[in-house]
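Trainee: Need coordinates for the following:
(chains A and B)
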Protein chains: 2
Amino acid sequence: MKRVGRYTISLETAPKIAGYASVVGKKEKEGPLGNEFDRSYKDTSLGESSWEKAESRLQKEAVEIALKKACINAKDVDIIFAGDLLNQCISSTFGLRSLNIPFLGQYGACSTMAQTLALAALFVESGTARIAAAVTSSHFCSAERQFRLPLEYGGQRPPTAQWTATASGSVIVVPQTTVIAQEQVKTKSSKETDSLEKTPVITEVCIGKITDMGIKDANNMGAAMAPAAAQTILDYLSDTHTTPSDYDLIVTGDLGYVGSNLLLQLMEQEGVDVSKVHNDCGKMLFDRKKQDVHAGGSGCGCSASVLCSKLLNDIKSGKLNDILFVATGALMSTTSSQQGESIPSIAHLVRLKGI
Amino acid sequence: MKRVGRYTISLETAPKIAGYASVVGKKEKEGPLGNEFDRSYKDTSLGESSWEKAESRLQKEAVEIALKKACINAKDVDIIFAGDLLNQCISSTFGLRSLNIPFLGQYGACSTMAQTLALAALFVESGTARIAAAVTSSHFCSAERQFRLPLEYGGQRPPTAQWTATASGSVIVVPQTTVIAQEQVKTKSSKETDSLEKTPVITEVCIGKITDMGIKDANNMGAAMAPAAAQTILDYLSDTHTTPSDYDLIVTGDLGYVGSNLLLQLMEQEGVDVSKVHNDCGKMLFDRKKQDVHAGGSGCGCSASVLCSKLLNDIKSGKLNDILFVATGALMSTTSSQQGESIPSIAHLVRLKGI
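Mentor: Got it, this is the predicted structure:
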């Protein structure tokens, strides 16, 4: 553990991701990343009696699959960091209550995947935990009725609005030196394809500050969150004396199309060109032309499911070697919006490498 | 950092509390701890236009006073852990947005003070942060209208109901070796009273698991949370091979009168008698006979303001030397209750010593 500059923490042991998993709904499965997910449901109620219960199950299953892929039992996990968009984070508390793992609830809105992953990595780095888990989720139907209008109302969405992903992503973090059963199995089978696989590790973390530029339109989250993403990326590049070209990808989540354009402009104003290496989970999850998602995907589950499928898959296969995962969150509620407040936002950064 | 047993983390450097503060409303000021708080407001709106904005200000002021008492500037704080009861934790995000401190939002319901304090201490112990802050709050009026009924409705409260505290507490944690300006000033003045003051330090942390015994009555949180408190205390005693008599005080928050009695029973069933050293923040904050609070106080601000007044004052004065602070939280929402769900609960433990 070493602090670098004002805001960045360097993880000198580079904890590794022993397992990860994504569980998604129908629309996400039909999108461009459809083949990358671990599990999907055509019925987005998952057969449950409420959307909230369906979302809880997404989260529970993501953790269970990630643990299974890591060949780790729930009882051996020292800590789980979890959070979601629902009031009092009930997807997490109800979804995970049966796992019997020490639990610290997190609230970072759509930045939760970076927040929980950062904490899991920091706990493993410092030896606070031997095995740490991170998970988050969102569900289009539970989010719509809580934040906007009942689905039955059929409200119109403006072009700047984003589509809350029905998805969950979970990651299991362990010390790099831990040899997990999964790897032992591989060594035994010694398939060539397996031996070529890289291991995703976390090397740096940058925790964001709350940024509020006065945006009040709850249907334009991308604009509210772009300044937070810009701030965290600039802080990180300054702390580490690096430039965007040092990375294979700087991936934000979830600014969508409107917020991504704003981010590029804000960075350009500061003399930093990220356009060549930037992408956004809200742009990656859905096909804008075919899937009618307006400004792109959003929700805690959006960046979580993109990280826990395409991004980590590409790190394992060697397509990506060094990326900055910068999840962004809009920290308002319906009450604050009704009271005329602006939207405070935040972005946390996690650097992931394949070794 | 050393793991002790299955669930406990020993903080070998024992980070110290450099400053702490409590800000409360009128009813709390009129209670038995009235003289212990740093600031109180007769007008519980704090002159703000909404209860939520009033609660945000409680939290901001608690942090500012704690920082001032520690002689530390906000710009030097590496991380703040904050959370509250409101949907999407808006007391924290709106209250703290102007401080410009790296922020990690926490959700542990009424266990939030132990959760944020534990994380702040762990971050300082591991060197992840040089200065870490923890804060939480609750407000009777914002909680009532969000979780129960509008105040204007004048709903009756059953005898098992607890009274949400209008209060905030904040703690600033630094390495024990850090000599803070406050202490330098003291050394210079070298008053005898000052030199006798002890320093509160955090020596152990035990993160709880979600416990759900099927209680569904949202007006009986004490009963829902008592099993979680029992579980965490039992885990901790087992991990550390200690007994209740090894501590000056085992203080839960906020089980109130109903939950406290249940806790003693649950512990007795396990052969552990905590009755001689147990108290509860929900019992300490209000005068049950004079203040009509039914089963006692509750809310994130209850255990936070009791910790950041009476408890830490008593550690500094030497009245208490070794205590277990066990904050408890009920992790449900109005939506989960309306869907017929039970109330999952959690309790986190922090051991505090005066040295």
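Trainee: Compute the distance between residue A:96 and residue A:168, please.
Mentor: Separation of residue A:96 from residue A:168 (C-beta to C-beta, to the nearest Å): 11 Å. From N, CA and C alone the C-beta is placed, and that goes for glycine too.
Trainee: For those two, indicate the residue with more neighbours.
Mentor: Taking other C-beta atoms under 10 Å in any protein chain shown, residue A:96 and residue A:168 do not tie; residue A:168 has more neighbours (38 against 25).
Trainee: The more buried one: which element?
Mentor: Take DSSP states H and E as the rule and residue A:168 turns out to sit in strand A:167-174.
Trainee: Partner strands of that strand, with direction?
Mentor: strand A:16-24 (antiparallel), strand A:132-138 (antiparallel) (DSSP bridges).
Trainee: Quick check, pLDDT for the residue nearest to residue A:158 when sequence neighbours are not counted.
Mentor: Once flanking residues are discounted, residue A:158 sits nearest to residue A:219: 5.0 Å by C-beta to C-beta, 6 or more residues apart in numbering or on different chains. At residue A:219, the pLDDT value in this model is 88.
Trainee: Just list the residues touching residue A:219, thanks.
Mentor: A:157-158, A:160-161 (C-beta atoms under 8 Å, 6 or more residues apart in numbering or on different chains).
Trainee: Neighbour-wise, give me the winner out of those residues.
Mentor: residue A:161 (23 neighbours).
Trainee: Is it part of a helix or strand, or is it coil?
Mentor: Secondary structure state of residue A:161, per DSSP: H, G, I helix; E, B strand; the rest coil, is coil.
Trainee: Touching, it and residue A:294? I think so.
Mentor: Yes. Counting by C-beta atoms under 8 Å, residue A:161 does reach residue A:294; the two are 5.1 Å apart.
Trainee: and the end-to-end length of stretch A:141-152?
Mentor: From its first residue to its last, stretch A:141-152 covers 10 Å (C-alpha to C-alpha, to the nearest Å).
Trainee: which parts of it are buried?
Mentor: Residues A:141-148 are the ones in stretch A:141-152 that count as buried (16 or more other C-beta atoms under 10 Å in any protein chain shown).
Trainee: Which residue is the nearest non-sequential neighbour of the closest residue to chain B within the stretch 101-250 of chain A?
Mentor: Closest to chain B within the stretch 101-250 of chain A is residue A:126: 3.4 Å, counting by C-beta to the nearest C-beta. With sequence-adjacent residues excluded and distances taken as C-beta to C-beta, 6+ apart, residue A:126 is closest to residue B:126, at 3.4 Å.
Trainee: Ok, residue A:150 next?
Mentor: Spatial nearest neighbour of residue A:150, excluding adjacent residues (C-beta to C-beta, 6+ apart): residue A:144 at 7.7 Å.
Trainee: swap in residue A:148?
Mentor: Nearest to residue A:148 is residue A:155, by C-beta to C-beta, 6+ apart, at 6.6 Å.
Trainee: The one you found: neighbour count?
Mentor: 11.
Trainee: what does residue A:113 give?
Mentor: 36.
Trainee: pLDDT wise, what is it at?
Mentor: In this model, residue A:113 carries a pLDDT of 98.
Trainee: Now do the SS call for the closest residue to it other than its chain neighbours.
Mentor: Distance criterion C-beta to C-beta, 6+ apart; nearest residue to residue A:113, sequence neighbours excluded, is residue A:304 at 4.0 Å. In three-state terms, and counting by three-state DSSP, residue A:304 is helix.
Trainee: interface residues of the stretch 251-355 of chain A facing chain B?
Mentor: A:331-336, A:339, A:341, A:344, A:346, A:348 (C-beta under 8 Å from any C-beta of the partner chain).
Trainee: and with 10 Å instead?
Mentor: A:329-346, A:348 (C-beta under 10 Å from any C-beta of the partner chain).
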